[in-house]
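A.B. asks: Any chance you could fold what I've pasted below:
(one chain, ligands or ions: 1)
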Amino acid sequence: MSSSNLHDVSNPSHFQKLLSEDLNRVSVLNFWAQWAEPCQQMNAVIVELAKKYPSILFIQIDAETQEDISESFDIEAVPTFIILRGHTLLGRVSGADAPALTNAIAKQVSTPSVNPQSQTNQAPSKLSLATVLNDEPEETQEQLDDRMRKIMNQSKVVLFMKGNPDAPRCGFSNKTVALLRDRNIDFSHFDILSDEKVRQGLKVLNNWPTFPQLIINGEFVGGLDIVKEMAENGELDEALA
Ligand SMILES: N[C@@H](CCC(=O)N[C@@H](CS)C(=O)NCC(=O)O)C(=O)O
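C.D. replies: Predicted coordinates for the structure are as follows:
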């Protein structure tokens, strides 16, 4: 990394040292992964933003090698950007959304620097005007179950994953897509990051706490570990026969 305000972090203490150098400085953490194409695009955006905002510290964090830092910020998908002042959370931008990231950063630059303590109660959330104005009736549990079952039956093989097959946003989803593609298995997908109700509802419906979730003939089969094992012992071929 060339600019002095753009750093690759190599371990948690390096990360803490960078943050602690100036507790009034705004930092932008970029959680990325090597295999994720959207991250490559956003890394280029970060390089440009670092040039534009020399007073902001930009920290590149490989979400897979820096697991401890990722966990401490609840990183569930890449890319995810965290904006801090010192150690205080100011904002979070999820996905390869360059305009949203640029706006979130610009907002901090135009906000006068204040005592971080007074900012701790400022939730970095978007004002949910949409929620206030949204007069669509709430989906009932029954409707949600029905909708999830329809998605599970939309094709012979359905993968509930983070991101999409060409741009997975989690390493487990990425590996499952690769496994299915390596075996030329046709599948449709559903991006659970696009629908929080399905994301939480499917965990209950299939009694499985994580993603990916592979469905064959409308039935839950398993996550990556199970699918991998089934591929190795021939059970996956049997299920698809
Ligand atoms: N060992 C699991 C790994 C999957 C996993 O840990 N997924 C996490 C992180 S992507 C997850 O879905 N967490 C719940 C959530 O994000 O809602 C498997 O075999 O699939």
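
A.B. asks: Just the strands from this protein, written as ranges.
C.D. replies: For the chain, applying DSSP state E gives strands covering 6-8, 26-32, 57-62, 80-85, 88-94, 157-161, 163-164, 167-168, 188-191, 213-216, 219-222.

A.B. asks: hey, which helix or strand in the protein has the poorest pLDDT?
C.D. replies: Of all helical and strand segments in the chain, the minimum by mean pLDDT, DSSP states H and E falls on helix 129-133, at a mean of 51.

A.B. asks: what does this protein put close to the ligand?
C.D. replies: The chain comes close to the ligand at residues 76, 162, 170, 172, 199, 210, 211, 212, 223, 224, 225, as judged by CB under 6 Å from any ligand atom. No exception for glycine: its C-beta is placed from N, CA and C like everyone else's.

A.B. asks: Now the two most distant members of those.
C.D. replies: Greatest spatial distance in the residues of the chain next to the ligand: 199 and 225, 19.6 Å, computed using CB to CB.

A.B. asks: Counting neighbours, go ahead and name the busier of the two.
C.D. replies: Taking other CB atoms under 10 Å, residue 199 and residue 225 do not tie; residue 199 has more neighbours (17 against 12).

A.B. asks: show me what contacts the more buried one?
C.D. replies: Each residue near residue 199 by CB atoms under 8 Å, 6 or more residues apart in numbering is listed here: 192, 193, 211.

A.B. asks: before we move on, back to that, which of the residues of the chain next to the ligand lies closest to the ligand?
C.D. replies: The shortest approach to the ligand among the residues of the chain next to the ligand belongs to residue 223, at 2.5 Å (CB to the nearest ligand atom).

A.B. asks: show me what contacts the closest one?
C.D. replies: Residue 223 neighbours (CB under 8 Å, 6+ apart): 172, 176, 208, 210, 211, 212, 213, 214.

A.B. asks: Kindly recompute the last result at 7 Å.
C.D. replies: By CB atoms under 7 Å, 6 or more residues apart in numbering, residue 223 lies in contact with 208, 210, 212, 213.

A.B. asks: Out of these, who's the most crowded?
C.D. replies: Top of the contacts of residue 223 by neighbour count (other CB under 10 Å): residue 213, with 27 neighbours.

A.B. asks: Name all residues that make contact with the closest residue to it other than its chain neighbours.
C.D. replies: For residue 213, ignoring the flanking residues on the chain, the nearest one in space by CB to CB, 6 or more residues apart in numbering is residue 160 at 4.3 Å. By CB under 7 Å, 6+ apart, residue 160 lies in contact with 190, 192, 202, 211, 212, 213.
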